[in-house]
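Asker: Attaching a predicted model along with its sequence, questions to come.
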Amino acid sequence: MTISIIGAGYVGLITAACLARVGHRILCVEKNPSRLAILEKGQSPIYEKGLDEVLSEVFSQGTLRFTSSIEEASEHSDVIFLCVGTPSLPNGDVDLSQVEDAAISIARCSQTTKIIVSKSTVPVGTAHHLSQLMRRHSPHDLEFTLASNPEFLKEGVALEDFMHPDRIVVGCDQNQWRTLFEEIYQSWIKEGFPLLFTDTISAELIKYASNSFLATKISFINMISDIAENAGGRISDIALGMGLDPRIGRLFLQAGLGYGGSCFPKDIKGLMQTARNFGVKTELLEAVEHINADRIKHILHRVQKALGSFLGKKICLWGLSFKEGTNDIRDAASLTLVSHLLEEGAILKVYDPQAMPDFMEIFPPSERLSYAQSAQDALLDADALLIVTAWQEFKDFSPHRIKESLRNPLVIDGRNCLHENQVHQAGLSYIKIGEKSPRSHS
Ligand SMILES: NC(=O)c1ccc[n+]([C@@H]2O[C@H](COP(=O)([O-])OP(=O)(O)OC[C@H]3O[C@@H](n4cnc5c(N)ncnc54)[C@H](O)[C@@H]3O)[C@@H](O)[C@H]2O)c1
C-alpha cells in the first residue's frame with residue numbers, strides 16, 4: 001500500500017521505517033529543515049537501537065522517502081498518518097496546534113477525500129473535532145474520515161515494540177474501514193498480534209488510560225519506597241514480592257527518580273483535562289503527579305544529608321536522558337536535578353552516552369558544569385556519584401573503579417541499578433532508593 005506520514009519524530013520515524021520494512025511505500029513529511037536534511041542523507045536524527053540499520057534497508061529497497069511537502073503527501077496516498085507532537089500547554093491542557101495545523105494543510109491541498117489516522121496522542125473527541133475542522137478548510141467541501149491508532153512504543157526499545165506489539169488499537173466510527181487497517185497491519189495479523197477494532201473515543205481514551213495507569217504504578221511503588229526507607233525494608237524485595245502476583249506484574253514497579261519523558265507527564269495532565277471536561281474528579285491523578293514531583297526533592301535531600309552541603313562539592317552525574325536507550329531529554333529528571341544542584345552551588349561533571357548534545361543546548365558548558373568524555377572521566381575527583389539514568393554501561397561499570405576514581409566514595413543510585421553486593425565489596429558508601437541509610441563496608 002502507499003501511505004503518507006506527517007512528522008518524523010520518535011513515533012513518525014519508527015512508524016515510517018517499520019511500515020516501509022514490511023513493504024508499504026511510505027512518504028514521510030518533516031517540517032523541521034535540519035531534521036529533514038539528516039533524514040534525506042539516510043541517517044537518523046534520533047538515537048534508537050537498530051534504527052540506522054532499518055533505515056538503510058528501507059532506503060535501499062526504495063520503500064521510504066522523505067519530503068517537506070504536505071501537498072506531495074496528499075498526492076502520494078489517500079491514507080495519511082498524523083505523528084506530530086501534542087505537548088502540554090502551560091496550564092496542562094493538550095496543545096493540539098501541530099495536529100490541527102497538519103489537518104488543515106491536508107484539507108486545503110487535497111483534491112480527493114482521505115482517511116486520516118492519528119498516531120499522535122490526542123484527547124477524547126479530537127477525531128470528531130478534526131473531521132469538522134478539515135471539512136471547513138476543504139476548498140472542495142470534502143468529508144474526511146478520521147481514525148485513531150494510538151502508538152504504545154517505548155523509547156529505547158521502540159523498534160521491537162512496534163514490530164512486536166502487545167496490541168494494535170484502531171478506533172474508527174465507520175466499520176467499512178476495518179479491511180483497510182487489516183491490510184496495513186497484515187504482516188502483524190499474520191504473526192498473531194491482536195488488532196482491537198473500536199470507536200474513536202475508546203481508542204483515544206485507551207492511550208491516556210494506559211499511560212496514566214503505568215504512571216500510577218510508578219508513583220505507587222515510589223510511595224511504598226518512602227515507607228520502606230523509613231521502616232527499614234528493602235524496596236527491591238517488596239516490588240518483587242508484589243510483582244510476582246500476575247494480577248500486579250513486575251513491570252513499571254521500580255522505585256527511583258520517578259517517571260519523565262515526553263509522554264507520561266503530559267498524558268496524565270491530558271487525562272485530567274478530559275476528566276474535568278466531563279465533570280469527573282481527578283484526585284487520583286493529582287496524587288500520582290504530586291508523588292512524582294517529590295522524587296527529585298527527596299533524592300536531593302538525601303544527597304545533601306550525606307554531603308553536608310552542596311556548596312563547592314564536585315558531583316558526578318551519570319545519565320541525562322529520561323531513560324536508558326534514548327537520547328530524549330524531554331521532561332527528564334536530569335533537567336530539574338542539574339538546575340537545583342547548580343543553584344545550590346555544586347560543581348557538576350556529567351556524562352551520558354547519547355544525550356549530551358541535546359542537553360548542552362539547554363545547559364551550555366560553564367565554570368560549574370562540564371561534560372565528560374566518558375563515564376570514567378566524569379568520576380575523577382568527585383565528592384559523589386549520582387546515577388540518574390540506568391544505562392547498561394553504568395550497570396556494567398566496575399564498582400572498584402568507581403571507588404578508585406572518586407575523591408569521596410559516595411554513590412547515590414537514583415535508579416537502584418548497581419549490583420549491591422559488588423558495591424559493598426568495593427567499600428563504597430551506597431545510598432539506594434527505598435532503603436534506610438547508606439551501608440558502608442569500607
Ligand atoms: N515519543 C514516544 O515515546 C511516544 C510514544 C507513543 C505516542 N507518542 C505520541 O506521538 C506523538 C508524537 O510524539 P513524538 O515523540 O514522535 O514527537 P516529536 O516531537 O519527536 O515529533 C514530532 C515531529 O513532527 C514534526 N511536525 C510537526 N508538525 C508538522 C507538520 N505540519 N508537517 C511535518 N512535520 C511536522 C516535528 O517537526 C517533529 O519532528 C505525540 O502525540 C506523542 O504523545 C509518543
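Answerer: Structure's in. What do you need? Numbers count the residues shown, from 1 in each chain.
Asker: Listing request: residues of this structure with sub-threshold pLDDT.
Answerer: Filtered on pLDDT under 70, the chain yields the residue ranges 437-442.
Asker: need the residues of it near the ligand, please.
Answerer: Applying CB under 6 Å from any ligand atom, one finds that the chain approaches the ligand through 6-12, 29-32, 35, 83-86, 98, 101-102, 119-121, 151, 153, 155, 262-263. Every C-beta, even on glycine, is put in place using the N, C-alpha and C of the backbone.
Asker: now do 5 Å
Answerer: Residues of the chain lying near the ligand by CB under 5 Å from any ligand atom: 6-7, 9-11, 29-32, 84-86, 98, 102, 120-121, 151, 155, 262.
Asker: Where does the stretch 301-442 of the chain get nearest to the ligand, which residue?
Answerer: At 7.0 Å from the ligand, D328 is the closest residue in the stretch 301-442 of the chain, using CB to the nearest ligand atom.
Asker: you'd agree that residue is in a strand?
Answerer: No. Counting by DSSP: H, G, I helix; E, B strand; the rest coil, D328 is not part of a strand but coil.
Asker: Which of the residues of the chain next to the ligand are buried, as a PyMOL select command?
Answerer: Remark: buried members of the residues of the chain next to the ligand, expressed as a PyMOL selection using 16 or more other CB atoms under 10 Å:
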select buried, resi 6+7+9+10+11+29+30+31+84+85+86+98+102+120+121+151+155+262
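Asker: Give me the subset of the residues of the chain next to the ligand lying in helices.
Answerer: Y10, V11, Q98, A102 (DSSP state H).
Asker: The second one reaches N149, doesn't it?
Answerer: No. V11 is beyond contact range of N149, at 10.7 Å (criterion: CB atoms under 8 Å).
Asker: ranges for the strands of the stretch 1-150 of the chain?
Answerer: For the stretch 1-150 of the chain, applying DSSP state E, counting those that start in this stretch gives strands covering 2-6, 25-29, 64-67, 79-82, 115-118, 145-148.
Asker: Work out the gap between the fifth one and the centre of the chain.
Answerer: Yep, that's strand 115-118 we're talking about. In terms of CA atoms, centre = their mean, to the nearest Å, the centre of strand 115-118 is found 23 Å from the chain centre.
Asker: Remind me what it packs against, helices and strands.
Answerer: If contacts are counted by 3 or more CB pairs under 8 Å, 6 or more residues apart in numbering; DSSP states H and E, strand 115-118 sits against strand 79-82, helix 97-109, helix 126-137, strand 145-148.
Asker: May I ask you to name the longest helix in the chain?
Answerer: The chain, longest helix under DSSP H: helix 200-231.
Asker: got a list of what the residue of the stretch 1-150 of the chain found nearest the ligand touches?
Answerer: Nearest to the ligand in the stretch 1-150 of the chain, going by CB to the nearest ligand atom, is G9, at a distance of 1.8 Å. Contact partners of G9, counting by CB atoms under 8 Å, 6 or more residues apart in numbering, are I46, C83, V84, G85.
Asker: so what's R135 up against?
Answerer: A107, D141, L142, E143, F144.
Asker: In these, which residue is surrounded by the most others?
Answerer: A107 (23 neighbours; other CB atoms under 10 Å).
Asker: any idea how far that one is from S212?
Answerer: 31 Å (CB to CB, to the nearest Å).
Asker: Count residues in the vicinity of T179, would you?
Answerer: For T179, using other CB under 10 Å, the count is 9.
Asker: Against the ligand, how distant is it?
Answerer: Noted for T179: a distance of 25 Å to the ligand, by CB to the nearest ligand atom, to the nearest Å.
Asker: In contact with the residue sitting furthest away from the middle of the chain, which residues?
Answerer: Here the chain reaches farthest from its C-alpha mean at H140, the gap being 39.0 Å by CA atoms, centre = their mean. By CB under 8 Å, 6+ apart, the contact set of H140 is S110, Q111.
Asker: can you check I248 too?
Answerer: The contact partners of I248, taken as CB under 8 Å, 6+ apart, are M242.
Asker: could you say which helix or strand contains it?
Answerer: According to DSSP states H and E, I248 maps onto no helix or strand at all.
Asker: One more: T389?
Answerer: Residue-wise, T389 maps onto no helix or strand under DSSP H and E.
Asker: what about it, how many neighbours?
Answerer: T389: 29 neighbours (other CB under 10 Å).
Asker: How about it: what's its closest non-neighbour residue?
Answerer: Leaving aside its sequence neighbours, T389 sits nearest to G319 (CB to CB, 6 or more residues apart in numbering; 2.5 Å).
Asker: which neighbours do V11 and N149 share?
Answerer: Joint contacts of V11 and N149 (CB under 8 Å, 6+ apart) are K119.
Asker: OK, contacts around A17?
Answerer: L51, V54, L55, V58, L64, L159.
Asker: between the residues you listed, which is nearest Q373?
Answerer: L51 (24.6 Å; CB to CB).
Asker: end to end, how far does stretch 25-36 reach?
Answerer: Terminal residues of stretch 25-36 lie 18 Å apart, using CA to CA, to the nearest Å.
Asker: Give me the contact list for that stretch.
Answerer: By CB under 8 Å, 6+ apart, stretch 25-36 touches 1-8, 12-13, 16, 19-20, 39, 45, 58, 63-70, 72-73, 76-77.
Asker: try 7 Å this time
Answerer: Contact with stretch 25-36 is made by 2-8, 12, 16, 19-20, 39, 45, 63-70, 72-73, 76, as judged by CB atoms under 7 Å, 6 or more residues apart in numbering.
Asker: Look at I227 and say how many residues are nearby.
Answerer: 13.
Asker: Leaving out chain neighbours, which residue sits closest to it?
Answerer: Closest residue in space to I227, ignoring its immediate chain neighbours: G233 at 7.7 Å, by CB to CB, 6+ apart.
Asker: Now do that neighbour against D294, distance only.
Answerer: Applying CB to CB, the value for G233 to D294 is 19 Å.
Asker: re earlier: for the residue nearest to I227, helix, strand, or coil?
Answerer: G233 is classified as coil under three-state DSSP.
Asker: List the contacts of I6.
Answerer: Taking CB under 7 Å, 6+ apart, we find I6 in contact with V29, I70, A73, I80, F81, L82, C83, V84, A102.
Asker: make it 6 Å
Answerer: Residues counted as contacts of I6 (CB atoms under 6 Å, 6 or more residues apart in numbering) are V29, L82, V84, A102.
Asker: so what's the first one bridging to?
Answerer: The partner list for V29 in beta bridges (DSSP bridges) reads I6, T67.
Asker: for the spatially most central residue of the chain, what are its contacts?
Answerer: Centroid-nearest residue in the chain, with CA atoms, centre = their mean: G261, separated by 4.3 Å. With contact taken as CB under 6 Å, 6+ apart, G261 is in contact with F322, D331.
Asker: Apart from its neighbours in sequence, what residue is nearest V94?
Answerer: Ranked by CB to CB, 6+ apart and with sequence neighbours excluded, the top spatial neighbour of V94 is G270, at 4.7 Å.
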